[in-house]
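**Student:** give me a 3D structure for the following:
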Amino acid sequence: MTVHASAITSNLNEATAIAPQLYRLLRDRIVHTELVPGELISETEIAREYAVSRQPVREAFIKLAEAGLVQIRPQRGTMITPISTNAVMDARFVREAIEADVVKLVVERRDAGVLAELERQIAAQKRVADDDVDGFVVLDELFHRTLADLAGKSYAWRVIEEVKAQMDRVRYLSVERLHVRLLIGQHEAIVDAIVAGDAGRAEAAMRTHLREILKSLPEVAKARPDLFGAR
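**Tutor:** Just a heads-up that it's a prediction; the model follows:
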């Protein structure tokens, strides 16, 4: 395996469990196509790269396999898996089912503090819209997680995180092709409906937003067929 120069080796906090941190770092590298389908990674080399023992690496690999991001092949190594179109579609379905209800709950719970926080986040997204795709992806994630928190459904967001790894891979690739301001406009439509106290409109706006990937997925698959496997 090639050790990538952009790997962040200084982000591990020895005061907390190492395996979950490794999982998150490796997950991000796969989502950002720094580690690509078909590439082999080994416990030994990852342990050396991050200066840790092999046990937390093994645990991280198992969690990556559960997320469908790697295939652990005994005696043959661990391989980064191709993007599965079916897995992307399943994750989108789960997200829409959960987040459509989440925004309706936010409408019920809205107050001045909730509205101010959502409007602050929209403003932050607009500041990075034209020149910081990575920054927008982080803020997009924060926006959706914040809605779940405001609805009192933090556990629901954890469920989404467990299933959306493949969707995140496509989202990262597609956000470069979509005008980021289109996505921000969709976020604004969600917030505007919440401000208006219109649960039906908030739900519809969220569904529209989460169906955007239905348009971008075929385009990404056509542009980067090397990243995709069988459905």
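**Student:** what about the strands in the protein?
**Tutor:** 40-41, 70-73, 77-80 (DSSP state E).
**Student:** domain parsing for the protein?
**Tutor:** 18-80, 85-227 (automatic domain parsing).
**Student:** closest to Asn11 out of those domains?
**Tutor:** Proximity to Asn11, assessed across the domains of the chain by Cβ to Cβ, is greatest for domain 18-80 (6.6 Å). Backbone N, C-alpha and C define where each C-beta goes, glycine included.
**Student:** what mean pLDDT does the closest one have?
**Tutor:** Domain 18-80 shows a mean pLDDT of 94 in the predicted model.
**Student:** okay, how far is it across that domain, tip to tip?
**Tutor:** 21 Å (Cα to Cα, to the nearest Å).
**Student:** indicate which one of the strands of the chain is closest to Ile98.
**Tutor:** Per Cβ to Cβ, nearest to Ile98 of those: strand 70-73, 25.6 Å.
**Student:** packing partners for the closest one?
**Tutor:** helix 54-66, strand 77-80 (3 or more Cβ pairs under 8 Å, 6 or more residues apart in numbering; DSSP states H and E).
**Student:** and the end-to-end length of stretch 195-215?
**Tutor:** 28 Å.
**Student:** same thing with stretch 187-205?
**Tutor:** Start-to-end, stretch 187-205 (Cα to Cα) is 8 Å.
**Student:** thought Ala221 was touching Val88?
**Tutor:** No. Counting by Cβ atoms under 8 Å, Ala221 does not reach Val88; the two are 9.4 Å apart.
**Student:** which helices and strands does the lengthiest helix in the chain pack with?
**Tutor:** Longest helix of the chain, by residue count under DSSP state H: helix 85-109. On a contact count with 3+ Cβ pairs under 8 Å, 6+ apart, helix 85-109 meets helix 133-150, helix 154-163, helix 165-174, helix 180-196, helix 199-210, helix 212-223.
**Student:** relative to helix 85-109, how tilted is the second one?
**Tutor:** Using axes from the mean of the first three to the mean of the last three Cα atoms, to 10 degrees, the interaxial angle of helix 154-163 with respect to helix 85-109 works out to 170 degrees.
**Student:** what does helix 154-163 contact?
**Tutor:** For helix 154-163, contacts defined as Cβ atoms under 8 Å, 6 or more residues apart in numbering pick out Ala67, Asp90, Ala91, Val94, Arg95, Ile98, Glu99, Val102, His144, Arg145, Ala148, Asp149.
**Student:** find me whatever residue is spatially closest to the second one, sequence neighbours aside.
**Tutor:** What sits nearest to Asp90 in space, not counting adjacent residues and going by Cβ to Cβ, 6 or more residues apart in numbering, is Val163, at 7.1 Å.
**Student:** count of residues packed around Lys215?
**Tutor:** Counted with other Cβ atoms under 10 Å, residues neighbouring Lys215 total 11.
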